[in-house]
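Colleague: what follows is a predicted protein model with its sequence.
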Amino acid sequence: MLAVIELGGTQCKVSPGDRIVVNRLPYPEGSEFTLSEVLLLEKDGQVQVGRPTVSYPVRVKVLQHLRGPKIRVFKKKRRKGYEKRIGHRQALSLIEIQFS
């Protein structure tokens, strides 16, 4: 079984039991929710392509909220004395896919 889902503005190819990292979700850790944005579903060798979505419930469990690696940004303008250092860490969620 395979599905292509849309979650947090990105599309992911998933199968049951997969653990993936996506942008931070507004659900607390340990909670489950049902996802309705299934774009493609492959089950028992038959492929269903959504127009725009397929009506098949995909349960998602939020395992953990975490932050990505630190990215350092350095801005400079030559001959002006302007230098600026900033950092960024993306807020992420680790989720587990469970099909119904």
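Modeller: Noted; the coordinates are in hand.
Colleague: host element of the most centrally placed residue in the chain?
Modeller: Nearest to the mean C-alpha position of the chain, by C-alpha atoms, centre = their mean, lies V22 at 2.6 Å. For V22, the element it lies in under DSSP states H and E is strand 19-23.
Colleague: any idea of the mean pLDDT in the next helix or strand after that strand?
Modeller: Reading on from strand 19-23 to the C-terminus, the next helix or strand found by DSSP H and E is strand 32-35. Strand 32-35 shows a mean pLDDT of 93.
Colleague: burial of the residue nearest to L35 when sequence neighbours are not counted, as a residue count?
Modeller: Distances taken as C-beta to C-beta, 6 or more residues apart in numbering place V58 nearest to L35, at 4.5 Å, with adjacent residues excluded. Yep, even glycine has a C-beta here, placed from its N, CA and C like the rest. By the criterion of other C-beta atoms under 10 Å, V58 has 21 neighbours.
Colleague: tell me the contacts of V58?
Modeller: Taking C-beta atoms under 8 Å, 6 or more residues apart in numbering, we find V58 in contact with A3, I5, V14, T34, L35, V38, I97, Q98, F99, S100.
Colleague: dump those residues to JSON lines, plus secondary structure.
Modeller: Listed next are the contacts of V58 as JSON lines, based on DSSP: H, G, I helix; E, B strand; the rest coil:
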{"residue": "A3", "secondary structure": "strand"}
{"residue": "I5", "secondary structure": "strand"}
{"residue": "V14", "secondary structure": "strand"}
{"residue": "T34", "secondary structure": "strand"}
{"residue": "L35", "secondary structure": "strand"}
{"residue": "V38", "secondary structure": "strand"}
{"residue": "I97", "secondary structure": "strand"}
{"residue": "Q98", "secondary structure": "strand"}
{"residue": "F99", "secondary structure": "strand"}
{"residue": "S100", "secondary structure": "coil"}
